[in-house]
Structure formats: C-alpha cells, structure tokens
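**Student:** the following block contains a protein sequence and its predicted model.
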Amino acid sequence: SAVISQKPSRDICQRGTSLTIQCQVDSQVTMMFWYRQQPGQSLTLIATANQGSEATYESGFVIDKFPISRPNLTFSTLTVSNMSPEDSSIYLCTVSRGNTEAFFGQGTRLTVV
Amino acid sequence: KNQVEQSPQSLIILEGKNCTLQCNYTVSPFSNLRWYKQDTGRGPVSLTIMTFSENTKSNGRYTATLDADTKQSSLHITASQLSDSASYICVVSAGGNTPLVFGKGTRLSVIA
C-alpha cells in the first residue's frame, strides 16, 4: 500500500488569496492526480500531475487558476489561486500504481469567505 | 464519453436492514470497477475491486456484483449498521495510467 499525507486538512481563506495544498507519498508512484469535490457532487478530475513536465489539465481547468508542481515521484502541490467562494470544495490527491492500486489522501476541505 | 451513473442518489434505511446500490458505466476500455465508502470530509476508502472476469466479490457485510456485458454493478450491504452511513462511490478504471472515472455516489443514511 501507499501512505499519502495531504496538507492542510482544512482551511478557511479570504477571497482573492491563494492556497497551496501538498501531497506527499511514502513511496514512488507513477501517476498522481488532483480531484475536486464540490458539495453534493462527485469527484471531478482537475489535472494529472506529471513528473518533470507541465501538468495535464481537464476541460474547464487552467494552469493559471490551478498551478501544479511535481518535482519528483513522491510529491506534488496544487495551488488554488485568486480564490472565490465557488472554489469552496474538498480537494483530493490520488495516486495510482499499476492497474488496480489507487490510494487517496484524506482531502483538503477548503472554505472561501 | 466515459461516465459512471449511480442510483439511487440517496437512501435512508433502518438499522439492521439490507440495501442494494446500483452503478451503470460506459467507460471503455474497461479494466476494473471499484466501490468506495466515503465519510463526510474524508477521502474514499476502498471496499472492493473487480476485474472483467469477476462476477462477485465480498468484503464483510459488503458484496459487490459485476456484469461486464451489461456494464452494471451493484453493492449489497447486509445487516446495516449506523456506521454504514456514508457516501458509496462507484469508480471505473480504463487501466494503464488513465485517471479513474467516478460516479456521483449514493448517500446512505442508516437510522435507528
């Protein structure tokens, strides 16, 4: 198994500010993904964090709003920039190893006021 | 478009009763289907993972079924407990390094 440490677990932020969420894995993993879960909704993929290159963003998500870093195979960050109340969500880091192994961080509950 | 649809959206049952949650998917190619339990504000926890050749898999009081021909799955919970109150999410993988496709989940409330 893989142990994922995601920080912070929750935060309340002022609109217009930015928050960086960290995801640390205890072992090297091939794929790291960032998801968002808005209230009452399913998990929606924001982007795939690629090691050593720019992240791959899904439709509706852009790098200027959600810059992502992945400096190595065990760590990634997601920044939510220039936040508005609509960004209030749970942000989740997931990692994949092989076809059947997927592990989740505990999530970051973000509230923007 | 790869999609996972779940029903019902929400469900309320009495403690001790059984229930069945449904999942239909259009993900292709298909590698495996997973059921997760997600408590409010927490990350999902895996219950079962089934590949194409598996029809049923159990994990304690949870039993998942898979019909790869009709692209349907169900999760049966037996003798429900108050602690079963959570969202149950059906997730399908196309395999390789592709991201998982999540259903919207079924919100289960077990009441005394």
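**Tutor:** Sure, I can see it.
**Student:** these two touch, right, B:N32 and B:S53?
**Tutor:** No. B:N32 sits out of contact with B:S53 when judged by Cβ atoms under 8 Å, with a separation of 10.3 Å. Backbone N, C-alpha and C define where each C-beta goes, glycine included.
**Student:** between those two, which one's more packed in?
**Tutor:** Neighbours were counted for B:N32 and for B:S53 using other Cβ atoms under 10 Å in any protein chain shown; B:N32 has more, 20 against 7.
**Student:** so the more buried one bridges to which residues?
**Tutor:** B:T51, B:S93 (DSSP bridges).
**Student:** middle-most residue in chain A, spatially?
**Tutor:** Chain A has A:W34 as the residue nearest its centroid, 3.5 Å off, counting by Cα atoms, centre = their mean.
**Student:** from memory that one sits against A:T44, does it?
**Tutor:** No. Using Cβ under 8 Å, A:W34 is not in contact with A:T44, being 10.0 Å away.
**Student:** flag every residue of chain B that's near chain A.
**Tutor:** B:31-32, B:34, B:41-46, B:49, B:51, B:89, B:91, B:93, B:95-97, B:99-100, B:102-105 (Cβ under 8 Å from any Cβ of the partner chain).
**Student:** picking up where we left off before, what do B:N32 and B:S53 both touch?
**Tutor:** Overlap between the contact sets of B:N32 and B:S53, as judged by Cβ atoms under 8 Å, 6 or more residues apart in numbering or on different chains, is nil.
**Student:** before we move on, back to that, just the buried members of the residues of chain B next to chain A?
**Tutor:** B:31-32, B:34, B:42-44, B:46, B:49, B:51, B:89, B:91, B:93, B:99-100, B:102-105 (16 or more other Cβ atoms under 10 Å in any protein chain shown).
**Student:** that older thread, helices - which of the residues of chain B next to chain A land there?
**Tutor:** Using DSSP state H, no member of the residues of chain B next to chain A falls in helices.
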